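Colleague: This is a predicted model, with the sequence first.
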Amino acid sequence: MNYIKDTSYLLRKGEGKIKEVTAAVILKDNCVLIAQRSAGDKLAGKWEFPGGKTEPGETPQECLKREIKEELEVDIEVLNFFAESIYTYQSGTIKLMAFWCKWIAGDLTLKVHSKIVWVKRSELNLYDFAPADIPLAEKLRQLLSLESQSLESKILGDSAHE
Ligand SMILES: Nc1nc2c([nH]c(=O)n2[C@H]2C[C@H](O)[C@@H](COP(=O)(O)OP(=O)(O)OP(=O)(O)O)O2)c(=O)[nH]1
């Protein structure tokens, strides 16, 4: 049997392509914003960092601004890259790219998620994160525990407390 021929149709259909997904790490008072995926969605009930898939021609930063506006009706500034996680679900592989983000304007409004919460570092391990998010949540938990100075001030600058 020709195995190369057998698998090539996956690539032709685009199913072998890694999907790029962005995620926002938004801090407030040393808590991070996380969101729960709604019933009926893929990964329903799992917690994630809000964001979504990049569209053709879009940078991850542009994607994140658009997704956060669509999902939560807030404007954000996308700051530095935080971390990435590559995970293969049954539906395909995603590259989840997380960025530090700063909330600029707007009131949080749930458009696609069932719940959002601001979580303290010590509580991050109590949430059932989507598998791709687990290393990101763990990295964040460790980072927040190492910081003696407010991480928020470091990431966002002094404007965080203006
Ligand atoms: N936005 C976001 N998506 C995540 C995270 N972790 C994680 O595994 N994902 C997955 C869930 C989805 O399969 C995909 C993001 O897709 P999406 O939010 O733009 O839209 P969707 O549910 O319609 O995606 P899909 O069914 O087409 O795969 O990445 C995360 O922290 N944030």
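Modeller: Received, thanks. None of these values were measured; they are calculated from a predicted model.

Colleague: For V32, the count of nearby residues, please.
Modeller: When neighbours are counted by other CB atoms under 10 Å, V32 registers 23. (C-beta placed from N, C-alpha, C; glycine too.)

Colleague: Start at 232, not 1
Modeller: All right, first residue 232 from here; so that's V263.

Colleague: quick one: contacts for it?
Modeller: V256, I257, F280, W349, V350, L355, L371, L375 (CB atoms under 8 Å, 6 or more residues apart in numbering).

Colleague: Out of these, which are close to the ligand?
Modeller: With CB under 6 Å from any ligand atom as the criterion, those include F280 near the ligand.

Colleague: Pick out whichever of the contacts of V263 sits closest to the ligand.
Modeller: F280 (4.2 Å; CB to the nearest ligand atom).

Colleague: Now the residue most central in space within the chain: which helix or strand?
Modeller: In the chain, the centroid-proximal residue (CA atoms, centre = their mean) is A254; its distance is 2.2 Å. Assigned by DSSP states H and E, A254 belongs to strand 250-259.

Colleague: How much space separates L327 from the ligand?
Modeller: 5 Å (CB to the nearest ligand atom, to the nearest Å).

Colleague: what's the answer for A363, then?
Modeller: In terms of CB to the nearest ligand atom, A363 sits 4 Å off from the ligand.

Colleague: How about G276?
Modeller: Relative to the ligand, and taking CB to the nearest ligand atom, G276 is found at 12 Å.

Colleague: pretty sure the residue nearest to the centre of the chain is touching F360, no?
Modeller: No: at 10.9 Å, A254 does not count as touching F360 under the criterion of CB atoms under 8 Å.

Colleague: Common neighbours of those two, please.
Modeller: With CB under 8 Å, 6+ apart as the test, A254 and F360 both reach E279.

Colleague: Contact partners for the residue nearest to the centre of the chain?
Modeller: Here A254 is in contact with E279, F280, P281, G282, L295, L327, M328, A329, F330, D364, L367 (criterion: CB under 8 Å, 6+ apart).
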